[in-house]
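A.B. asks: Quick one, fold the following:
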Amino acid sequence: MKDQLEQARSLGKAGRLEEAGELLILLAADHPDDARLQFECARAMDRTGKETSAVPYYKRAILLGLPESKLKDAYLGLGSTLRTLGRYRQSLAVLEKGSGRFPEDRALQVFRAMTLYNLGEHKEAMRLLLVNLADTAADGEINKYEAAIRFYAGHLDQVWE
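C.D. replies: Purely as a prediction, here's the structure:
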């Protein structure tokens, strides 16, 4: 299996994504209890535009248990993929679970904001983005206004007379 996995990775790096994906599908079928392999297969499906096919691989990888670093990526991958498929409620549930488990992960929060936008929850989406911008901005002009950005993140609909 190790040689085949390396071959699939090499094919992917060489831009032969379809071939890499086909090999990973075969490997995942032969090793259904290997969480990392299921995760790699999910990512390969995403990279080749087969988002619907990626979903069960992501779910299985999460269920089987991944190392923490890969688990964050699996939550994000599954949540993002569900969003692109228009399955917004499912996407939000996955991204919220991931954000709850990894509250420091900014990417999960940003993808959650995108899903909230798709659900018409524009105020909460904007609040999340503004808070993350204020927390991570390296730009001096943004940093000058950090306090205002943080304040307005919670008062987007307020009008002062």
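
A.B. asks: which residues sit against the least confident helix or strand in the chain by mean pLDDT?
C.D. replies: Ranked by mean pLDDT, DSSP states H and E, the weakest helix or strand in the chain is helix 140-144, scoring a mean of 82. For helix 140-144, contacts defined as Cβ atoms under 8 Å, 6 or more residues apart in numbering pick out 133-134, 137, 149. To be clear about C-beta, it is placed using only N, CA and C from the backbone, and glycine gets the same treatment.

A.B. asks: give me that answer again for 10 Å
C.D. replies: In this structure, residues lying in contact with helix 140-144 by Cβ atoms under 10 Å, 6 or more residues apart in numbering are 133-134, 136-137, 149.

A.B. asks: Tell me how far it lies from the chain's centre.
C.D. replies: 28 Å (Cα atoms, centre = their mean, to the nearest Å).

A.B. asks: Can you name the two of the contacts of helix 140-144 that sit furthest apart?
C.D. replies: T136 and I149 (11.6 Å; Cβ to Cβ).

A.B. asks: out of the two, which sits in the more crowded spot?
C.D. replies: Higher neighbour count among T136 and I149: I149, with 17 against 10, using other Cβ atoms under 10 Å.

A.B. asks: okay, the least confident helix or strand of the chain in PDB with CA atoms only?
C.D. replies: The C-alpha atoms that make up helix 140-144 are tabulated as PDB, following Å, rounded to 0.1, in the frame of the first residue of the first chain:
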ATOM      1  CA  GLY A 140      -1.000  49.400   9.700                       C
ATOM      2  CA  GLU A 141      -4.000  51.200   8.400                       C
ATOM      3  CA  ILE A 142      -6.300  48.400   9.500                       C
ATOM      4  CA  ASN A 143      -4.600  48.200  12.800                       C
ATOM      5  CA  LYS A 144      -5.100  51.900  13.400                       C
END
